[in-house]
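In: Build me a structure from this.
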Amino acid sequence: MPTLSTEDAAAAAVDLDLVGSADLANVWRELGSQDVPVDRFGSVLVRRELLTGYQWDRLKGGYRQGFYFGRAKILYQAGAGSFARVYRAIDLDSGEIVAVKVLRKRFSSDQDKCGLFLREGRMGMLLRHPGIVRTDDVGQENGSSYLIMEFVEGQTLRELVKIRGGLDLGRGIDMALQLVRAIEYAHGEGITHRDLKASNVLVSSTGTAKVVDFGLASFVEGKGKKLDEVGKLRTVDYAALETAGRVRGDDVRSDVFFLGTLLYLLFAGRSALLDTRDRAIRSDPQRFAAIEPLGKVAPHLPRDLVDVIGKMLVVKPKDRYQTATEVRQALEPIYTRYAETASGDQSRAVLPAASGKQQKKGPAVPAGQAKPKIMLVEVTGKSQESLRQFFSDKGFRVLVTENARRALTRFESIPRPADLLLLSSQVLGEEAVEVFNALAPDPYLKKVPAVLITSARQTELAAEAVEDDLRHVVTMPFKASVLLQLVHDLIATHS
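Out: Alright, predicted model coming up:
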């Protein structure tokens, strides 16, 4: 699709309600003319935070669709899989940041896949629980099917454990109970998940675990009465387990077993079952008898906890816990017994940390001393607020912007707006690294201290960042005290 002219891009931005007429007039005033290159026009729109980089690239490419789904306005692409793409968006009615999951175009004409996708959303709308990702809307727009969902700032349980290994006892029990209560609630509503696995659990930056993706869920309307036939679908893993246990394809005890595999992963730091894409291996019932005992893999765990998870993983359904309620009732006394490590701030850190242990407070600004200033560049609302609140509590003044290039421009002024530039690349990606790397070569900016925060999934991006005495990269997860000390040291070095 050809690139639009500046005139056409401006008209499209207003016509699509992306930019207001008054804001556009201010842009023309800044440029001094409407006869400017389209890229220069776009850079001003992005710098003024009238458009995101994603919106501008799409607009410049001549696209007229994909900016809105239902009541959600798309901001950035946050993730992608083989089945769907996930976008960070804003709910135009509430102003809340939401996630929009959009089925890939190639599946739009596939009735089965499209039906499963929309069913996932409809099932999600039936459930309202803190441990289940909320679904607010399901629909189709210009031939694309979409779900509007709660936006969870964090990572999957699979990613979390891959980075950190098994969780400490306190945080692990806390998260285990969160998952059990979520599934107990779903079962109470007559819904079995049918696809419990680590990639279907999201863990927020505050330590809250949330179950997602009820696309294969089974809905029992009454005793033995099914709402639909789709609920009889099951994954290869569930089918193999239920074949081994000689039970029907919608048994709640199957969810109990796979919930047990999640708890095993939480504490052991490795999967209970062999991770493989080979359907023949996954279909083999003997796979479930080969689980290595948790007590052997993690001998530091208390015997009662090991026994609970072990009973969840019994292959014969009659010897397994019969309901998620029974699992919760077995776990709660253990939680209480280890309350000293399972409660309070130790399990819910303000910032992502390398462990669930109590963080050192780190240095704070002495009373009476002028507050150092940080300019924070972060577009994700919850993460932005978490960082802002953390540094404010430590005695810093925190200036916040979502535009990395605007922040760079502001540091060119005298006096400088802040003592340190703190950038997050989690959503900004390459733009954050480009601004970070632009400091050292610039004679006016080379003395500006900076910290770049990257996620564990951005190893290639982090490798592009050029570090020196005044500029450092930190990768999530990290201890809050480590980031605080680094910021203090960089500001002290500069001053």
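In: who does the longest helix along the chain touch, helix- and strand-wise?
Out: Determined from DSSP state H, the single longest helix within the chain is helix 169-188. Identification of packing neighbours for helix 169-188 by 3 or more Cβ pairs under 8 Å, 6 or more residues apart in numbering; DSSP states H and E yields strand 209-211, helix 252-268, helix 324-337, helix 339-342. Heads up, the C-betas are built off the backbone N, CA and C, glycines and all.
In: Next, the angle from that helix to helix 324-337.
Out: Between helix 169-188 and helix 324-337, the angle comes out at 160 degrees (axes from the mean of the first three to the mean of the last three Cα atoms, to 10 degrees).
In: Residue ranges in the stretch 351-495 of the chain under the pLDDT threshold?
Out: The stretch 351-495 of the chain contains residues with pLDDT under 70 at 351-369, 379-382, 414, 494-495.
In: And the strands in it, which stretches?
Out: Here the stretch 351-495 of the chain has its strands, by DSSP state E, counting those that start in this stretch, at 373-377, 397-401, 420-424, 450-454, 471-475.
In: Off-centre distance for the last one?
Out: In this view, strand 471-475 has its centroid 21 Å away from the chain centroid, taken as Cα atoms, centre = their mean, to the nearest Å.
In: Now do it: everything it contacts.
Out: 436, 439-440, 449-456, 458, 462, 465, 467, 482-483, 486, 490 (Cβ atoms under 8 Å, 6 or more residues apart in numbering).
In: try the first one
Out: Contacts of strand 373-377 from elsewhere in the structure, counted by Cβ under 8 Å, 6+ apart, are 384, 387-388, 391, 396-404, 407, 410-411, 417-424, 428, 432, 435, 487.
In: quick one: contacts for the residue lying closest to G245 once chain neighbours are set aside?
Out: Distances taken as Cβ to Cβ, 6 or more residues apart in numbering put P317 closest to G245, at 4.6 Å, once the chain neighbours are dropped. Contact analysis of P317 by Cβ under 8 Å, 6+ apart lists 245, 247, 251, 253-254.
In: mind redoing it with 7 Å?
Out: Applying Cβ atoms under 7 Å, 6 or more residues apart in numbering, we find P317 in contact with 245, 247, 251, 253.
In: among these, which ones are buried?
Out: 245, 247, 251, 253 (16 or more other Cβ atoms under 10 Å).
In: that older thread, tell me which other helices or strands the helix or strand that the longest helix of the chain is followed by touches.
Out: Next helix or strand after helix 169-188 toward the C-terminus (DSSP states H and E): strand 191-192. Here strand 191-192 touches no other helix or strand, going by 3 or more Cβ pairs under 7 Å, 6 or more residues apart in numbering; DSSP states H and E.
In: What pairs with strand 191-192, parallel or antiparallel?
Out: Note on strand 191-192: by DSSP bridges, its sheet partners are strand 218-222 (antiparallel).
In: quick one: the helices in the stretch 301-450 of the chain?
Out: Taking DSSP state H, counting those that start in this stretch, the helices of the stretch 301-450 of the chain run over residues 303-312, 324-337, 339-342, 381-393, 404-410, 425-428, 430-438.
In: Pick the most buried one from these.
Out: helix 425-428 (a mean of 23; mean count of other Cβ atoms under 10 Å).
In: Convert that helix to PDB, retaining C-alpha atoms only.
Out: C-alpha atoms of helix 425-428 as PDB (Å, rounded to 0.1, in the frame of the first residue of the first chain):
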ATOM      1  CA  SER A 425      11.700  -0.600  26.700                       C
ATOM      2  CA  GLN A 426       9.000  -3.100  27.500                       C
ATOM      3  CA  VAL A 427       6.500  -1.400  25.100                       C
ATOM      4  CA  LEU A 428       8.700   1.300  23.500                       C
END
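In: Tell me what angle the longest helix of the chain forms with helix 303-312.
Out: Going by the same axes, to 10 degrees, helix 169-188 makes 30 degrees with helix 303-312.
In: going forward, begin numbering at 22 instead of 1
Out: Let's use 22 as the start, then, which means that last one is helix 190-209.
In: tell me the strands in the stretch 72-221 of the chain, going along the chain?
Out: Using DSSP E, counting those that start in this stretch, the strands of the stretch 72-221 of the chain run over 89-90, 93-101, 105-112, 118-124, 156-162, 165-171, 175-177, 212-213.
In: now V398, which residues is it bridged with?
Out: T422, L444.
In: any idea how far G316 is from it?
Out: 47 Å (Cβ to Cβ, to the nearest Å).
In: more neighbours, the two?
Out: Between V398 and G316, counted using other Cβ atoms under 10 Å, the more crowded position is V398 (28 against 16).
In: Before we move on, what's the pLDDT of the residue lying closest to N163 once chain neighbours are set aside?
Out: In space, and not counting its chain neighbours, N163 is closest to Q86: 4.8 Å by Cβ to Cβ, 6+ apart. pLDDT, Q86: 92.
In: Look up phi and psi at Q86.
Out: Main-chain torsions, Q86, degrees, to the nearest 10: phi -120, psi 170.
In: I'd say it and Y167 touch.
Out: No. Assessed by Cβ atoms under 7 Å, Q86 is found out of contact with Y167, at 11.9 Å.
In: More neighbours: these two, which one.
Out: Neighbour count, other Cβ under 10 Å: between Q86 and Y167, Y167 has more, with 24 against 12.
In: Surely the more buried one touches V121?
Out: Yes. The criterion here is Cβ under 7 Å, and Y167 meets it with V121 at 5.7 Å.
In: Find residues that contact each of the two.
Out: F90.
In: if I pick the spatially closest residue to F432 that is not a sequence neighbour, what's in contact with it?
Out: Leaving aside its sequence neighbours, F432 sits nearest to V469 (Cβ to Cβ, 6+ apart; 5.4 Å). For V469, the contacting residues are 432, 442, 460, by Cβ under 7 Å, 6+ apart.
In: and what of S445?
Out: 398-399, 404, 453, 474.
In: swap in R341?
Out: 274, 277-278, 332-333, 335.
In: From A261, how far out is it?
Out: Using Cβ to Cβ, R341 is found at 15 Å from A261.
In: Identify each buried residue in stretch 91-105, please.
Out: Buried residues in stretch 91-105, counted by 16+ other Cβ under 10 Å: 91-97, 99, 105.
In: Reformat those as a markdown table; add pLDDT and distance to G142.
Out: Converted to a markdown table, these look like this (pLDDT from 0 to 100; distance: Cβ to Cβ, whole Å):
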| residue | pLDDT | distance to G142 |
| --- | --- | --- |
| G91 | 94 | 11 |
| R92 | 93 | 14 |
| A93 | 95 | 13 |
| K94 | 95 | 19 |
| I95 | 95 | 17 |
| L96 | 92 | 20 |
| Y97 | 88 | 21 |
| A99 | 85 | 17 |
| A105 | 88 | 11 |
